[in-house]
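Enquirer: Just a sequence and a predicted model for now, questions to come.
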Amino acid sequence: MRKGVRAMRVTNNVMMERAMRNVNVAFERYVKRQEQLASGCSINRLSDDPHGAAKAVRLRSTLKGLEQYKTNADIADTKLRAYDGVLDKVGNIMNRLRDLVGRAASDTVTPTERDGIAVEVRELFEEVVNAGNEMHNGEHMFAGHKVGQAPFKVERDADGRVTGVLYHGDSGKDAIEIGPGIVISGSLAGDEVFMADGANVFDAMIDIERHLRENDVESLSEEDLGRVDAVVDNILKHRAEIGGKGKRLELVMDRLESDSISIEGLLSKTEDIDFAEAIMRLCEQEIVYYAALSAASKSVQAGLLQFLR
């Protein structure tokens, strides 16, 4: 008789343990559904979905890389716009200079009037020097890699007359990575822009001022107009280069944005929940949990009754 009672007690103990295990499992699943609904994510810890969690990590890493490329592209775009703005200013100065030289080369202009034109040419010269020493985000734009110092320094004689301009920068250009294996330069070297062979804007302007003060009409009409045109052509060449880079940059930026949207969509499918479905699953799990509690309660009651007999 005692053996039968003991066997029944063992069986009841097993049933009670099983019932409590079912309660614990149901409770864990119920809490998980609550967490998912509260966070909006189907994966709140690695154990929720190891494969999905690993996929989400890869997607987030890719998205982070794309965001860095987008930041780099924005930096390059801002720099290119700044360079184009300076070159536009210099181009306008050159157009004004050409008008002045053309007028000064006329036989109807007096030496006194040419002296007055020379004064304006000197002012335009100073504007071009300032443009060459322009700064962007605290760095000299046309200094190459030597961004900490002004690249162009005016030399003067004992009487204060301008004799030349020295370049203290280098020919270095930055390299900005805007995509996997895609690098673009967002800078221009000052010596290439302002002191190119046959298109040295400073030398041309210094000589033009001298020819005006010396009343050298022949040089003004035959030589200086051609030099101004050469400078203008060089400026336009660099502006065209900037425009080409800008177009390429625009295409890359559009692709980066498109890729980011696609990755964000994949990440959302991997991590985010469908709220309607999540609420339904939570209600189902709540029913399962309370059913397990009820079953466990009955199992405990049956065990107690058996124990008391």
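Expert: Yep, that arrived.

Enquirer: Could I get the full set of helices for the chain?
Expert: 2-39, 50-104, 111-132, 190-194, 201-213, 217-219, 225-271, 275-308 (DSSP state H).

Enquirer: Only the buried residues of the shortest one, if you could.
Expert: Okay, so that is helix 217-219. 217, 219 (16 or more other CB atoms under 10 Å). C-beta: built from backbone N, CA, C; applies to glycine.

Enquirer: Run through who's touching it.
Expert: Residues outside helix 217-219 that contact it (CB atoms under 8 Å, 6 or more residues apart in numbering): 104, 105, 107, 207, 211.

Enquirer: Low-confidence stretches in the chain?
Expert: Residue ranges of the chain with pLDDT under 70: 1-17, 19-20, 22-49, 52, 270-309.

Enquirer: domains of it?
Expert: 2-40+273-308, 58-265 (automatic domain parsing).

Enquirer: Could you look over the ones you listed and pick the most buried one?
Expert: Ranked by mean neighbour count, those are led by domain 58-265 with a mean of 17 (mean count of other CB atoms under 10 Å).

Enquirer: Please list all residues in contact with the closest residue in space to residue 145 that isn't next to it in sequence.
Expert: With CB to CB, 6 or more residues apart in numbering as the criterion, residue 145 has its nearest non-adjacent residue at 3.5 Å, and that residue is residue 172. By CB under 8 Å, 6+ apart, the contact set of residue 172 is 144, 145, 146, 189.

Enquirer: make it 10 Å
Expert: Counting by CB atoms under 10 Å, 6 or more residues apart in numbering, residue 172 touches 143, 144, 145, 146, 147, 185, 187, 189.

Enquirer: Any figure for the gap between it and residue 78?
Expert: 19 Å (CB to CB, to the nearest Å).

Enquirer: Spatially nearest residue to residue 203, not counting backbone neighbours?
Expert: Nearest non-adjacent residue to residue 203 (CB to CB, 6+ apart): residue 164, at 7.5 Å.

Enquirer: Quickly list what the one you found is bridged to.
Expert: residue 155 (DSSP bridges).

Enquirer: these two touch, right, residue 121 and residue 103?
Expert: No. At 11.5 Å, residue 121 does not count as touching residue 103 under the criterion of CB atoms under 10 Å.

Enquirer: Would you mind listing the residues touching both of the two?
Expert: Joint contacts of residue 121 and residue 103 (CB under 10 Å, 6+ apart) are residue 114.

Enquirer: follow-up on the earlier one: any chance of a markdown table for the domains of the chain, columns distance to residue 51?
Expert: Output for the domains of the chain, formatted as a markdown table (distance: least, CB to CB, whole Å):
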| stretch | distance to residue 51 |
| --- | --- |
| domain 2-40+273-308 | 17 |
| domain 58-265 | 11 |
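
Enquirer: So which of those domains is nearest residue 50?
Expert: In terms of CB to CB, the element of the domains of the chain nearest to residue 50 is domain 58-265, at 13.0 Å.

Enquirer: Pull up the distance across that closest one, start to finish.
Expert: End-to-end span of domain 58-265 (CA to CA, to the nearest Å): 14 Å.

Enquirer: what separates it from the chain centre, distance-wise?
Expert: 23 Å (CA atoms, centre = their mean, to the nearest Å).

Enquirer: swap in stretch 57-73?
Expert: Taking CA atoms, centre = their mean, the mean C-alpha location of stretch 57-73 is offset from the chain mean by 10 Å.

Enquirer: Now do that stretch: everything it contacts.
Expert: Contacting residues not belonging to stretch 57-73 are listed as 46, 176-180, 182-184, 186, 249-250, 252-253, 255-257, 259-271 [CB under 10 Å, 6+ apart].

Enquirer: again with stretch 130-139
Expert: Under the contact criterion CB under 10 Å, 6+ apart, stretch 130-139 has outside partners 75, 78-79, 81-83, 85-90, 93, 140-143, 146-153, 165, 167, 169, 174, 186-187, 190-191, 193-195, 201-202.

Enquirer: and what of stretch 104-115?
Expert: Applying CB under 10 Å, 6+ apart, the contact partners of stretch 104-115 are 100, 103, 116-118, 121, 208, 211-222, 224-225.

Enquirer: Over to stretch 254-270?
Expert: With CB under 10 Å, 6+ apart as the test, stretch 254-270 has contacts from 40-43, 49, 51-56, 58-73, 178-179, 182.

Enquirer: If we use 6 Å, what do you get?
Expert: 52, 55, 56, 59, 62, 63, 66, 69, 70 (CB atoms under 6 Å, 6 or more residues apart in numbering).

Enquirer: Just put these in JSON lines and tack on distance to residue 231.
Expert: Compiled in JSON lines, these are given as follows (distance: CB to CB, whole Å):
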{"residue": "52", "distance to residue 231": "62"}
{"residue": "55", "distance to residue 231": "58"}
{"residue": "56", "distance to residue 231": "57"}
{"residue": "59", "distance to residue 231": "52"}
{"residue": "62", "distance to residue 231": "47"}
{"residue": "63", "distance to residue 231": "47"}
{"residue": "66", "distance to residue 231": "41"}
{"residue": "69", "distance to residue 231": "36"}
{"residue": "70", "distance to residue 231": "37"}
